[in-house]
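J.: just to be clear, the model below is a prediction. Sequence and coordinates:
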Amino acid sequence: MTDEASVLLGALAVDLVFGEPPGAVHPVVWMGKLQTAAVQKALPPWNVSAAAQAGGAVAVRLGSTLGPGIRTQIAGLRRALERSLLGVAGAPERSGGPFLFYRAPNASTLATRLLSLGVSVRSCASFGLPENLRVGVRTDADNPRLATAWRIAVSPKR
């Protein structure tokens, strides 16, 4: 399987498992050829491991059986996380599957500060979105910890 096919399969599997329309979680997959080529030139190369490819194939096979329950559970976790962060991070710009996307000035710096406080979020700078963070769903017990860390990380006293 080519690298491009691996990325497409993995991204499609994530969208399907989480019940999102194609491209909702991974919009770059559904761009036209010219846009995709421009994005690829701007990004560093990456590969999709054999384990990720296998996981994508399993996700596609099991999606119709396990998908509805998984989607419902993840949607509930996503809503709970959004409520937890509303007072400190505001409303997300976008959400889908297990992710919330937030605009934050100096997003990479904020991600580093959060990591130093024991919380991991994903800077979207490598996707060409330097002022955005991707936050994955967490358990109800972890949401207050993330909100507290975010509040500390953006504090002017820090």
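T.: Structure received.
J.: only C-alpha atoms from now on, for both contacts and neighbour counts.
T.: OK.
J.: quick one: the helices in this protein?
T.: 3-17, 33-42, 50-89, 107-116, 143-154 (DSSP state H).
J.: neighbours of Gln53, how many?
T.: The tally of other residues near Gln53 (other C-alpha atoms under 10 Å) stands at 19.
J.: roughly how far does it sit from Thr65?
T.: 20 Å (C-alpha to C-alpha, to the nearest Å).
J.: returning to what we had before: out of the helices of the chain, nearest to Leu100?
T.: helix 50-89 (7.3 Å; C-alpha to C-alpha).
J.: buried sites along the closest one?
T.: In terms of neighbour count (16 or more other C-alpha atoms under 10 Å), helix 50-89 has its buried residues at 53, 56, 59-60, 63, 67, 70-71, 74-75, 77-78, 80-82, 84-85, 89.
J.: and for stretch 150-158?
T.: Trp150, Arg151, Ile152, Ala153, Val154.
J.: got a list of contacts for that stretch?
T.: Val88, Ala89, Leu110, Arg113, Leu114, Leu117 (C-alpha atoms under 8 Å, 6 or more residues apart in numbering).
J.: gap between the nearest residue to Phe99 once chain neighbours are set aside and Gln53?
T.: Nearest non-adjacent residue to Phe99, counting by C-alpha to C-alpha, 6 or more residues apart in numbering: Gly136, 4.6 Å away. Separation of Gly136 from Gln53 (C-alpha to C-alpha) stands at 21 Å.
J.: perfect, I'm done here.
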